[in-house]
Structure formats: C-alpha cells, structure tokens
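Q: kindly generate the corresponding structure for this input.
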Amino acid sequence: MKPIYVDLQVNGHGGIDLLSAKSANEVRAVSRSLYENGVVGYLPTIITSALSDAVRAIKLIEEVRTNPLSGEARILGIHLEGPFISEAKRGVHPIEHIAAPDLNHLKALLNGGLIKIVTIAPELPGAIELIQYLVANGVVVSLGHTNANRAEAIAGFNAGAKTVTHIFNAMPKPPLDGTAQVALERDDVVIQLIIDEVHVPNDLVKETLAKVSKRFIVTNDPIAAAGLGAGTYPFGGMEITIKDGQARRTDGTLAGGIGTLGQSLEIMKAIGIDDGDALASVTTRPCELIGVDYQELLS
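A: Take a look at the predicted model:
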C-alpha cells in the first residue's frame, strides 16, 4: 500500500532518535522507517533539551527536509515539544533543560529551521506573550505538558493556541478543570491524541471522539524504538525500554509510542468511529492544521 498517513509528532523511528541523530543519513533512516510503516509526511519532534543540542538537531533535520529523496516520508517542518513546559507535567522531559519562556531562546530555535508547531504550557510567566509572537509569525501553538487551570488554559487559547498535544497525557484529566476540559468544550480547538490502547483507554477515546468529531488528529508520538521489537533504545539523553507493547523509562514513566497509524485506525474502527472521520484524522486534517497541501504531498 502506498503511504498515506501524516504524523505531527515523531521523536524517532527504526532505532534512531531525532534529537541525538548524528548525521543526515540517520535522519533519513527515520524517514525511511516511517515510509515503510505507511507515513507519507511528518513533523520531527524535538523534546526539551539544551538549546545548543536542539539547534544542532533542527539544522540536521533541515538538511533532509530541503532535499527529500524517494522512499522517504517527507519532513513537513519541525514540532518543538518544549522547553517552555510545566515541571509538574514534564513526563520524561529532562527537568534540567526546562526553561522559562524567553523570546531570545525561542528565536534561536526558530532561526534553526522551519518550525511548524510549538508545544507550550500557558500558565508559565511570559508564555502568553510567546504564544502571541508565534501566532503572529505563522507558527501553530499547541498547549501541552501543562498544569494550567481553566482560566490559564482559556488565556492560552484566546492568545491564539489552536490545538493540544496528546490530550489527557501530561495534563490534568477531566473532571479536573484544566486544559483538556477546556479544549473539549471549544469548537475552535483541534484535539491531538494518541490512540494505541496504552496512552488513553479505549473507552475514554470513544467518549472523547464523540465530543470532538471532525476536529481531532491522531498521532503515534513514536520514539526511536518504534518499528522495532522489545529492547532498550535511546530517547534524547535517556534510555527507554520496550516491554509488553509499552515504552517506559526505568522509573516506569510512559515515554512515547511504538504503534502505527494503521493500528490506530483499526482501534477506531473497532470502537465504532466513523471511517471517514477516522481517516481524515491521520491524513488530511493534520495537513490542514499546519498549512500543507495533502494532495501535493501524495503526488
């Protein structure tokens, strides 16, 4: 089958971690592995890291993005997942590299390459100003890795954020009144979620998608171990172990996905999600969010 899927959050694949990739050929190995798993386009995702490491990785990814080859998933830009995130909701992001919102830090990242999405916690001092700056410069802002309360989440969306990063993961879950609850209520917010029977239980997926029909996007949030089997693999400066179909850090913290978007579609079909709505969530809708022509991507 010709690759058709689009994934907006890819940390790595096929044994290669994009933050620690050492060459353009290693980045291409990720693109090839994704292509073999049905992905036609994606956003390499740089998690919270030292500024110098992030800029180095962005520039390496840019080398590949500007010179695509056949047999590779196309790089559509970059997703910065951090470093302006909540320490309390950091997941596996290294606490020593979490940064307070800072325009010069942000500009250094933006100058490294084509940034399409930035995940940020809106409750941090200075975050609203960064959200406004990003939106004014055509970058999609996603609220995520956040401990925001209702008022802080509303302020983030009102400042121009229009999506959420892996809803329910790394944020307070409803009925707690924070980012997830506000995002579900607002018709102008696109919901991104991981559907793999690990990150979010199927009953919660079904309940959620009934509320957000036509405005959800599915990601695998894949890490280096995706596309491989059980074992221990790199993720940023950490090691992640794959066991029993789950990717976890040594302390047990969930660390991204190892599934495929094809499997996500199967799960959605099994729980009764409309086929057209489900397919759009892994094809055209991600492209619409970041301003990419899906048909051109397929050609």
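Q: what sits against Ile191?
A: For Ile191, the contact set (Cβ atoms under 8 Å, 6 or more residues apart in numbering) comprises 163-164, 167, 183-184, 208, 212, 215-217. C-beta coordinates here come from the backbone N, C-alpha and C atoms, glycine included.
Q: does it count as helix, strand or coil?
A: When classified by DSSP: H, G, I helix; E, B strand; the rest coil, Ile191 comes out as strand.
Q: distance of it relative to Val140?
A: The gap separating Ile191 from Val140 is 14 Å, by Cβ to Cβ, to the nearest Å.
Q: any common contacting residues for those two?
A: Common neighbours of Ile191 and Val140 (Cβ under 8 Å, 6+ apart) are Thr163.
Q: so Asn202 sits against Ile271, correct?
A: Yes: using Cβ atoms under 8 Å, Asn202 is in contact with Ile271, at 5.5 Å.
Q: the residue nearest to Asn11 when sequence neighbours are not counted: neighbouring residues, count only.
A: Excluding its sequence neighbours, the residue lying closest to Asn11 (Cβ to Cβ, 6 or more residues apart in numbering) is Ile223, at 4.7 Å. Neighbour count for Ile223, taken as other Cβ atoms under 10 Å: 27.
Q: select the longest helix from the chain.
A: Longest helix in the chain by number of residues (criterion: DSSP state H): helix 51-65.
Q: contacts only, for Ala161.
A: Ala161 neighbours (Cβ under 8 Å, 6+ apart): 120, 122, 131, 135, 141-143, 189.
Q: roughly how far apart are Asp17 and Val190?
A: Look at Asp17 and Val190: by Cβ to Cβ, they are 27 Å apart.
Q: partner residues bridging Gly12?
A: Beta-bridge partners for Gly12, by DSSP bridges, are Asp17.
Q: which residues sit in contact with it?
A: 18-19, 21, 30, 222-226, 234-235.
Q: repeat for Thr219
A: Neighbouring residues of Thr219 by Cβ under 8 Å, 6+ apart: 7-9, 166, 192-194, 257.
Q: check what pLDDT Ile252 gets.
A: You called it Ile, but residue 252 is Gly. Gly252 carries a pLDDT value of 82.
Q: now the spatially most central residue of the chain: which helix or strand?
A: With distances taken as Cα atoms, centre = their mean, Gln9 lies nearest the centre of the chain, 2.9 Å away. Using DSSP states H and E, Gln9 falls within strand 5-10.
Q: partner strands of that strand and their direction?
A: The strands beside strand 5-10 in its sheet (DSSP bridges) come out as strand 39-47 (parallel).
Q: from the chain's centroid, how far away is whatever helix or strand Met268 lives in?
A: Assigned by DSSP H and E, Met268 falls within helix 261-270. Taking Cα atoms, centre = their mean, to the nearest Å, the mean C-alpha location of helix 261-270 is offset from the chain mean by 18 Å.
Q: what's the answer for stretch 182-192, then?
A: Distance, centroid of stretch 182-192 to centroid of chain: 16 Å (Cα atoms, centre = their mean).
Q: now do that stretch, average pLDDT.
A: Average pLDDT, stretch 182-192: 98.
Q: next, the buried residues of it.
A: Neighbour counts over stretch 182-192 (16 or more other Cβ atoms under 10 Å) mark 182-184, 186, 189-192 as buried.
Q: mind putting those into TSV with distance to Pro94?
A: TSV is the format used below for those (distance: Cβ to Cβ, whole Å):
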residue	distance to Pro94
Val182	28
Ala183	26
Leu184	30
Arg186	31
Val189	28
Val190	28
Ile191	27
Gln192	22
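Q: distance to Ala50 and secondary structure added to the contacts of Ile191, as a markdown table?
A: What follows is these, written out as a markdown table (distance: Cβ to Cβ, whole Å; DSSP: H, G, I helix; E, B strand; the rest coil):
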| residue | distance to Ala50 | secondary structure |
| --- | --- | --- |
| Thr163 | 26 | strand |
| Val164 | 26 | strand |
| Ile167 | 28 | coil |
| Ala183 | 30 | helix |
| Leu184 | 35 | helix |
| Thr208 | 35 | helix |
| Val212 | 36 | coil |
| Arg215 | 35 | coil |
| Phe216 | 33 | strand |
| Ile217 | 29 | strand |
